[in-house]
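*Asks:* sequence first, then the predicted structure:
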Amino acid sequence: MSEATINLTLEVWRQDTAGSGGKFETFKLDGVSTSLSFLEMLDMLNEQLLEEGKRPITFEHDCREGICGSCGFMINGQAHGPERGTTVCQLHMRKFKSGQTLVLEPWRARAFPVMQDLMVDRRSFDVIQAAGGYNSTNVGNAPDANAVLVGREAATEAFDAATCIGCGACVAACKNASAQLFTSAKIGHLAMLPQGQPERYKRVVRMYDAMDEQGFGNCSWTQDCEAACPKEISVKWIAKAKKDFLKARTIVGV
Amino acid sequence: MTLQSNCPTGPLETRWTRHKGNIKLVGPINKRKFHVVVVGTGLAGASAAATMAELGYKVTAITFHDSPRRAHSVAAQGGINAAKNYQNDGDSTYRLFYDTIKGGDYRSRESNTYRLAEVSANIIDQAAAQGVPFAREYGGTLANRTFGGVLVSRTFYARGQTGQQLLYGAYSSLMRQVDTGGVNLLTYKDVLDLVVVDGEARGVVVRDLKNGKLDTVTGDAVVLCTGGYSNVFFLSTNAMKCNVTAGWRAHKHGAYMANPCYTQIHPTCIPVHGDKQSKLTLMSESLRNDGRVWIPRKEGESRPANQVPDAERYYYLEEKYPTFGNMVPRDVASRNAKYVCDDGLGVGAKTGLDQRARGVYLDFRDAIARDGKDAIEARYGNLFHMYDKITGESPYDVPMRIYPAPHYTMGGLWVDYNLMSNLPGLFVCGEANFSDHGANRLGASALMQGLADGYFVLPYTIGGYLAKKGPRAAIGADHQECRAGIERVTTVTDKLLSINGKRSVDSFHRALGLKMLDKVGMSRSEAGLKETISYIQELRQEFWENVKILPKSGDAMNVELEKAHRVADFLEFGELMARDALARGESCGGHFREESQTPEGEALRDDENYSHVSAWEFNGVDSEPTHHKEALEFEFVKLTQRSYK
């Protein structure tokens, strides 16, 4: 509990607006308590910048407990930093050493334009979700919840896919800036459940089409997405969704 | 103005059904002529917007996030209650109603609370149909668990991420309506004022967070689903951007703020580690089933926890409450942790105003010795892992350190049975209203209320208001009230940017929060509250003279400016909280008044003098608000005092 501290050099991407160019700026930050989270370290740097009369660094964040999916940027080339299965808000400074240089960069993808500094616009994910990422059921129509049985294994597996927080790390980690892991997890979650069956094949085609239209790349199966995913979502969902996609095109005829 | 709750009368069981039957309907073809503006897209907002669009209303949904999926409902862990009686253990609508009203220490309306229990079962059906992956039994039926001091198993859950999964369900329904054109979704828009025309809420003023542009969004009614105000304490389990701004600015237009002093402080959170901390993390309360709470008897104990012999450990909950021990209710556990730390016996980092250690041990040593490490890991493995990740300490080897943290707020804008505030056309749902939890909320009831309001209550009740009003001419952007709204926001923004002082927005927020937690948190006294009111007034004055915001431009993305608007409102709202706490001379639910306790030092409710809702009317920032009271009458339940000795 006694306060161990470290000193850091930070190279941070600075960009004023979406259209403008950007560049790296270097900052020194001393006396960082190792109990701080990575974002609290940035808060500390921002206080320092305010004192120096400089614009603080903009980064997305909100819940700071790893579930809202707002935060995320590259730390030394790794999405969400070095700790596996962890969003950057849950990464703590005890994982770093004094004297280290950390390079912070926003997600890089055509479908995620940089808005300011480390913050990108991920509305393309909402467009994919709106392209059929739902069951068409109105309030008032639902049968009793126990009227439709769902096996425990199927429910557990559906949950594993549904746990995706839509942070975009999979896209950032992918050399093709592909949104296959995000999109396939959403497709797979509903495809696992009986309630998702009526629209299963239409859904996969629409969501895949939306993904292409938004400017995401395709999958070349390097699996960097799975390694970067803070919720450790498996690439098996990509395989499952692709199978559904082929079936939809060739057999079902969507 | 007298407060009309508009609650139905007669038999409790049929009140909602009869009320629905009497609501004037808008015909299917006419619904598209009405436009509803929904602010916030968490459980309440997303469900309300989606459901109204399904019915055929034109809906605009507004969020300050990049996506509705970010709303803080996402973080709720435990579960959602519903009176399904799937476990055949004798649960019923009445039992859920009774547990909720008793848990709220008899400070909510019987009619509202009964309705909440009644529609709870429908929520589970709706969520399952959306594809929410609830926990299941091997046979495929839904699983339940028990939660927080009730005698039945009625809590539905999706691992420890129930809020996330329910939010994604509501979000998927919302995105379906975006897809079909039923909902116009506006993202990155901060609502900073209300447009009121002829005494009726007709729209909101929004600031585009990307470019600072101000605009108005108008319609036939406004629905605020903007969550709670725990961030008035700066450190809370809420997300960083949770705020009271939309509600507070509606309050300035005449909407009453009800019971703002009712806050819930959750006993099992990870303690503050230092003065740079931004946020507190909740650990599930289930830990108290096996963990033993203690502190060293000796002040300034320097030995590591494991080396403190048993005789020198003070198991204060077990000693003071032999029957319930470590399982006393949330408010009792929280308050006692504060008291022992006030006495200087806390453990961990020294923080806060008085630089005292604010933490107590939650020790699993005896449970591990009794049941084995494997059994404890099976029960709490994920929580221990989370704790280890945040603190760097393993609870298998050393006791956890915990301390209470603000978590949920029961108070909010006053609403009637139709969820409409006293300002006509302004509806309020979810945590943002004050309605159903009384002075304390039961575990697994927040998700239930947000979705009950959004799916099953508001879409009906708002129809009654709209039908009565009939279609009206649209309020254009050039309407004088729209222009006036934009001007008001511009004035505040310009003022904030022109101060050019020396202190950051966060430093004011932190100062406010420390004071609020100390004096308007777990335990409140007349002297402390009065002192706090003057403290906040001074701090507010300094804020308006000395806050520093960079960049100095309001017509671009400006994160410090966004925060400044929110903190400016917390600096006014905090004072009202203290005033409300001062006016409530009793202890009830999550509100403990030191002047109102039993000889044994327990909370003493005063039904004779305080069986009412306090609703506050705004009279200006530096003027005292007017205190209105809505009497609470109990026809169906008998009021009892809690005892946990």
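*Replies:* It's in.
*Asks:* now the residue of the stretch 51-200 of chain A found nearest chain B. Its backbone dihedrals?
*Replies:* Closest contact between the stretch 51-200 of chain A and chain B, by CB to the nearest CB, is at residue A:149 (3.0 Å). In this view, the C-beta of every residue, glycine as well, is placed from N, C-alpha and C. Backbone geometry at residue A:149, expressed as degrees, to the nearest 10, gives phi -80, psi 140.
*Asks:* what of residue B:643?
*Replies:* Per-residue torsions, residue B:643: phi -150, psi 130 (degrees, to the nearest 10).
*Asks:* so what's it closest to, chain neighbours aside?
*Replies:* Counting by CB to CB, 6 or more residues apart in numbering or on different chains, residue B:602 is the residue found nearest to residue B:643 once chain neighbours are left out, at 7.3 Å.
*Asks:* residues touching that neighbour, list them.
*Replies:* The contact partners of residue B:602, by CB atoms under 8 Å, 6 or more residues apart in numbering or on different chains, come to B:332, B:642-645.
*Asks:* want to try JSON lines for these, with neighbour count, distance to residue A:233 and pLDDT as columns?
*Replies:* Shown next, in JSON lines, are the contacts of residue B:602 (neighbours: other CB atoms under 10 Å in any protein chain shown; distance: CB to CB, whole Å; pLDDT from 0 to 100):
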{"residue": "B:332", "neighbour count": "20", "distance to residue A:233": "41", "pLDDT": "89"}
{"residue": "B:642", "neighbour count": "16", "distance to residue A:233": "45", "pLDDT": "74"}
{"residue": "B:643", "neighbour count": "11", "distance to residue A:233": "48", "pLDDT": "72"}
{"residue": "B:644", "neighbour count": "18", "distance to residue A:233": "44", "pLDDT": "70"}
{"residue": "B:645", "neighbour count": "11", "distance to residue A:233": "49", "pLDDT": "68"}
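*Asks:* mind checking the longest helix of chain B?
*Replies:* helix B:559-583 (DSSP state H).
*Asks:* return the list of helices and strands in contact with that helix.
*Replies:* With contacts taken as 3 or more CB pairs under 8 Å, 6 or more residues apart in numbering or on different chains; DSSP states H and E, helix B:559-583 sits against strand B:189-197, helix B:245-251, helix B:480-499, helix B:505-519, helix B:526-546, strand B:612-617.
*Asks:* out of these, which is closest to chain A?
*Replies:* helix B:505-519 (7.1 Å).
*Asks:* how much space between the residue of chain A most remote from its centre and residue A:158?
*Replies:* Distance from the C-alpha centroid of chain A, by CA atoms, centre = their mean, peaks at residue A:147 (34.8 Å). Residue A:147 sits 18 Å away from residue A:158, going by CB to CB, to the nearest Å.
*Asks:* ok, now residue A:9?
*Replies:* 45 Å.
*Asks:* quick one, which of these two is more surrounded?
*Replies:* Looking at residue A:9 and residue A:158 with other CB atoms under 10 Å in any protein chain shown, you find the greater number of neighbours at residue A:158, namely 26 against 13.
*Asks:* now do whatever residue of chain B ends up closest to chain A: how many residues are near it, please.
*Replies:* Of all residues in chain B, residue B:140 sits closest to chain A, at 3.0 Å by CB to the nearest CB. Burial measure for residue B:140: 15 neighbouring residues, criterion other CB under 10 Å.
*Asks:* pLDDT wise, what is the residue nearest to it when sequence neighbours are not counted at?
*Replies:* Computed as CB to CB, 6+ apart, the closest residue to residue B:140 that is not its neighbour in sequence is residue A:149, at 3.0 Å. Model confidence at residue A:149, given as pLDDT, is 98.
*Asks:* quick check: residue A:149 touching residue B:141?
*Replies:* Yes. Look at residue A:149 against residue B:141 with CB atoms under 8 Å: they come within range, at 6.6 Å.
*Asks:* burial check on residue B:4, number of neighbours?
*Replies:* A count of neighbours around residue B:4, defined by other CB under 10 Å, yields 10.
*Asks:* oh, I was asking about residue B:397
*Replies:* Neighbours around residue B:397, by other CB under 10 Å: 11.
*Asks:* sec struct for it, please.
*Replies:* Put simply, residue B:397 is coil when judged by DSSP: H, G, I helix; E, B strand; the rest coil.
*Asks:* for it, what are its contacts?
*Replies:* Per CB under 8 Å, 6+ apart, neighbours of residue B:397: residue B:306.
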